[in-house]
Structures are given as structure tokens and as C-alpha cells.
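K.L.:
Next input, structure requested:
(4 chains)
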Protein chains: 2
Amino acid sequence: MKSGARILVVEDELPMRTVLFDCLTGQGYRVLTASDGASGLEKAIAEKPDLILLDVMMPRLDGFALCAELRRHIIATPVLMLTAKGRVEDRVRGLDCGADDFLIKPFSRDELLARVRALLRRITRQTLKSQQLTFGAVQIDFLQQRVWRNSVPVALTAKEFAMLQLLVHAAGEPISRERFLDVVWGYTSFPTTRTVDKHIVSLRMKLEPNPDTPRWIKTVHGVGYRLEPPEEPPK
Amino acid sequence: MKSGARILVVEDELPMRTVLFDCLTGQGYRVLTASDGASGLEKAIAEKPDLILLDVMMPRLDGFALCAELRRHIIATPVLMLTAKGRVEDRVRGLDCGADDFLIKPFSRDELLARVRALLRRITRQTLKSQQLTFGAVQIDFLQQRVWRNSVPVALTAKEFAMLQLLVHAAGEPISRERFLDVVWGYTSFPTTRTVDKHIVSLRMKLEPNPDTPRWIKTVHGVGYRLEPPEEPPK
DNA sequence: GTGCGTGGTTACAAAACCGTAACACCAACG
DNA sequence: CGTTGGTGTTACGGTTTTGTAACCACGCAC
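P.N.:
Reported below is the predicted structural model:
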């Protein structure tokens, strides 16, 4: 499985969509695609990607409208707009409705990647203080959403990574199953608490040196789970 | 164990008010209600609830106005707004006047409770902070819910920790067995007072240097138990 | 379609924890 | 001293919580 930042590409023309997809997945990003504005908006809301790549020229709901709609939903996901060459007025309209950067067609692969990186870096700086973290032999890169163990890449699913993120974020504190469900699954889907256990098992199998006697991901009976803090007890 | 947080429900329609009341009390929350904006504002100020559930659609003083009024009084109580489906502009106005989260009608019971939990968690997180305490060789971290003795981690069960927390919280004051049962076990289960003794024994074994002659967890004959205050006694 | 990866549920086994009874002990009071 | 009632302690059965495997469902790629 690929892991990395999640990027939504909204582009109606298949060839261009394919180019963008290949280019981004080749860099380890996880790419979602939509072939029209309406489904793009839907996915943007449902999937909460880290970045949205948006073609302005689309039938029906075009890039400008989609972007404006996003902002009306208070979604602050950075938007990189694809505009045609020479259409200076596009920039103005784009900025007006909340776009963050522009890419002028035709563009080079390197320029695309550079701008994507820049935008992702920006949001990461805002939201995550440290983008890398280590416990035991496990190394986490929040920016790329990748994990290594003894320098060997570990493939985590989306849910697993989200759970790990919550564990790390509240390092040391016990986290109840309820809380996992609220944060990782959101307020609109309600799996059972056993589901949380199951994913904890997966995490342990992938990250623990000895999954039977967890060194890091401890269970707190009657409470929930807790990531053993790398630090010492308080003096 | 349930928090027993106090929640104010401001809702003009009786059926909905009843639903909310039942749903929340069923979870162990203490619920106050108001059937219009004016009395809601009054109760919010007088009772200082932990959370306010606010319907936007009310005659005279509506949810927005009430919320804005609250903030004018520098009352930071989190507000969960009930809005009608599809009224995206409600969110904008709501955020504008200081609402913390939104629940769109019709909503599921689970979603209501999830959002309530999330908001309540936010405030307890702020107030609890990284509280730590020491008596003798025992160190307690309430946030992590962990205890050390001579810097060696001590494994306490959920009940034991809750009892210790109560002892520490009322340091010096004797605590009756009935009080332990009320606070630690809640109002829904009724074990014997002997049960309390048993857990006290466990605590002593885990925390006291010499469990036979307790240095810290003292028995007050005919009354209950008491944690010897770490400070110097008044003469 | 088929196959695969992911995610959610169910069911059952294992472990941890809890509640209570029984009895020994002790403190207070006469 | 002896009685009485409260407390300490232990053992054990029952309950709750957690681990885990097996299974089904869904989405996506081929």
C-alpha cells in the first residue's frame, strides 16, 4: 500500500488526470481523483484530503465555483489551481475565491511537485509541530504519513495511521475507545469498541518487537490504550 | 466512570427538549433545561453549566443572539448549536458569534453524545493540565493516570486510582466508605462497604512502605479513611 | 465479472478485575 | 477482662474487559 499525504485531483480530462495521478503517486502521495466538480466537492468534504489540485476549466461546476463552495463549508484545505496559459484574469478570480497557488498549463513535472511540496509544507507547519517522531525502533513521518521500523518501511492503513497519530499526540495519556471512535472515525460513523481493539492488534503486530507483550502500545484495563512515553517519570 | 457534567439545554419545542433531556440524563449527565432564550441566558449565567446545547430556531431571543450575549458576558462555556439541515449559512453565523460545534437536525443519538463528549473533553483537558503530586516516595500523574513509588511504576487498577484520587483531593479530611462508594462507584452500583476496605488494602500494599503500619493511608475508626497530609500539621 | 486490500462485526477464549463471605484481629467501652 | 462492633485479610466465584480469530461487506483495480 502507498502511504503519504493525501491529495485530491479534480480534473475532467482523462489524459491530464492520468498524468497528475502518476506524477504524484510516483512521489509516494496518496491520490484521490474526481472527474467533475460535483463529485470533487463531495470527496473533498468526505475524505478531507491534505491538498486539492483543481482544474479551473470544467463543465458545470468549475474550479472557481468549487473552491468558493469549499470555503463556504469552512474547509481550509490548500487549493492548487490549474489554469490555462495567458489567462491572467484567472489568477484574480482564483485568489478571490480562496485558491492558494496556481500552476499554468503546460507545466513541468518539477514545477508541479515543487508547488505541491510547498503547499503541504505550509499546512504541516501550521498543524503539526514536529513532523517526525521516534519511539523504540519505530520512526514516524507525519508529513509523508509513513512509518519505518528498523529503517524498514511499514505499510499502515489509513485507520491505523490515524490511531497511531492520536496515540502519539497524547503520548503517555490513556485514550479511551470512545475517544478513538470520536477522533479517528468522526461523529457520523459508529463502529463498536471492539473495532478499536482489532486495529490496536494490527498496530501491535506491525510495530511492536514482540506483539504478545507490547512494549509501547499498552492497554490500560478499564480505560483504554496508551503509548508508553519515551521519557522518564516526573522527578 | 461517568463525569456527571452539567449541561444546559435551551430548546423551545417540548418534544425535542424531552428527547435531549432523556438522552443526556441516560448517560449520567446532569441536565438543566430552558424553554426560551431569555430564561436560557439567565440560567447560563446563574448556573454556570459545563456545556450549553442551543437551538438556533427560537422565538424572540434565538440561538445566535443568545450565544453572542453569552460571549459579551465573557462566558466561555462551550456551546453546541442545533441547526436545521442544509442551512450552511447557520454555521457561518454560528461560528461568528462564538459557537463551538454544530449538530444538524435530524441527528442521531450517537452523534449527539459523541459531540457532547468531545466538547466536554476539551474543557477538562484545559483545567486538568499536567497535574502531579507527591507524598512520601509516591508520585502521581493525574493526566497520565500513572503512579510511581521510588521512581518505579506502580500498576493501579481503575478503581484503585479513583480512590487514590479522592483521597488526595481531600487530603487530610477523613472520607467515609459511603462517600467512596458514591464518588468512585457512582450512583448506579451499590457494593458493600467491605469492598472499600478491600481496595484500601490493595492501595496500602502497593503504596505504603510498610503496609501493616500505614504511614499515609490512615484508618479513622468509625469514620472512614484519610490521607495523611504531606505538609506540617498546624500545632 | 474476479481478486485483493481494508474495514467492521461477531463470537468465543483468556485475562484482569471486582464483590462478598468468612474469619481473625483490634479498639473502645463497660 | 469481656463484650461488641468495627476493621484487616484472605480466598474464591462471578463479572467485566480485552485478545483474537473467523467471517462478511465494501470499494477498487484488473
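
K.L.:
Now chain A against chain B: closest residue?
P.N.:
At 3.7 Å from chain B, A:G222 is the closest residue in chain A, using Cβ to the nearest Cβ. In this view, the C-beta of every residue, glycine as well, is placed from N, C-alpha and C.

K.L.:
Run through the residues that contact that residue.
P.N.:
In this structure, A:G222 makes contact with B:157-159, judged by Cβ atoms under 8 Å, 6 or more residues apart in numbering or on different chains.

K.L.:
Looking at neighbours, which among those residues is most surrounded?
P.N.:
In terms of neighbours by other Cβ atoms under 10 Å in any protein chain shown, the contacts of A:G222 top out with B:K159 at 20 neighbours.

K.L.:
So for the helix or strand encompassing it, mean pLDDT?
P.N.:
If you go by DSSP states H and E, B:K159 is part of helix B:158-169. What helix B:158-169 shows for mean pLDDT is 91.

K.L.:
swap in stretch A:182-192?
P.N.:
82.

K.L.:
For it, measure first residue to last.
P.N.:
One end of stretch A:182-192 sits 12 Å from the other (Cα to Cα, to the nearest Å).

K.L.:
Check which residues of that stretch are buried.
P.N.:
For stretch A:182-192, the neighbour count (16 or more other Cβ atoms under 10 Å in any protein chain shown) marks A:182-185, A:187, A:190 as buried.

K.L.:
and stretch A:167-187 with DNA strand C, contact?
P.N.:
Yes - against DNA strand C, stretch A:167-187 shows contacts by Cβ under 7 Å from any atom of the strand at A:W185.

K.L.:
Give me the contacts around that stretch.
P.N.:
With Cβ under 8 Å, 6+ apart as the criterion, stretch A:167-187 contacts A:133, A:135, A:140, A:159, A:162-163, A:166, A:190-191, A:193, A:195-197, A:217, A:220, A:223-231, B:111, B:114-115, B:117-118, B:121, B:141, B:143-146.

K.L.:
Quick one: buried ones out of those residues?
P.N.:
Applying 16+ other Cβ under 10 Å to the contacts of stretch A:167-187 flags A:133, A:135, A:140, A:159, A:162-163, A:166, A:190, A:195-196, A:217, A:220, A:223-228, B:111, B:114-115, B:117-118, B:121, B:141, B:144-146 as buried.

K.L.:
Go back to the residues you listed and keep what's next to DNA strand D.
P.N.:
Applying Cβ under 7 Å from any atom of the strand to those, those adjacent to DNA strand D are A:220, A:223-224.

K.L.:
which ones among the residues you listed are found in helices?
P.N.:
Residues of those located in helices (DSSP state H): none.

K.L.:
need those in TSV with pLDDT and distance to A:L53, can you?
P.N.:
Shown next, in TSV, are these (pLDDT from 0 to 100; distance: Cβ to Cβ, whole Å):
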residue	pLDDT	distance to A:L53
A:V220	94	42
A:V223	92	42
A:G224	93	38
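
K.L.:
Is DNA strand C within reach of stretch A:132-149?
P.N.:
No - Stretch A:132-149 lies out of reach of DNA strand C by Cβ under 7 Å from any atom of the strand, never closer than 11.9 Å.

K.L.:
per-residue confidence averaged over that stretch?
P.N.:
83.

K.L.:
Return the closest of the contacts of A:G222 with respect to DNA strand D.
P.N.:
Here the nearest of these to DNA strand D, counting by Cβ to the nearest atom of the strand, is B:A158; it sits at 8.3 Å.

K.L.:
Now that we're looking at the spatially closest residue to the closest one that is not a sequence neighbour, what pLDDT does it have?
P.N.:
Of all residues beyond its chain neighbours, the one nearest B:A158 is A:G222 (3.7 Å), with distances taken as Cβ to Cβ, 6 or more residues apart in numbering or on different chains. Looking at A:G222, its pLDDT reads 91.
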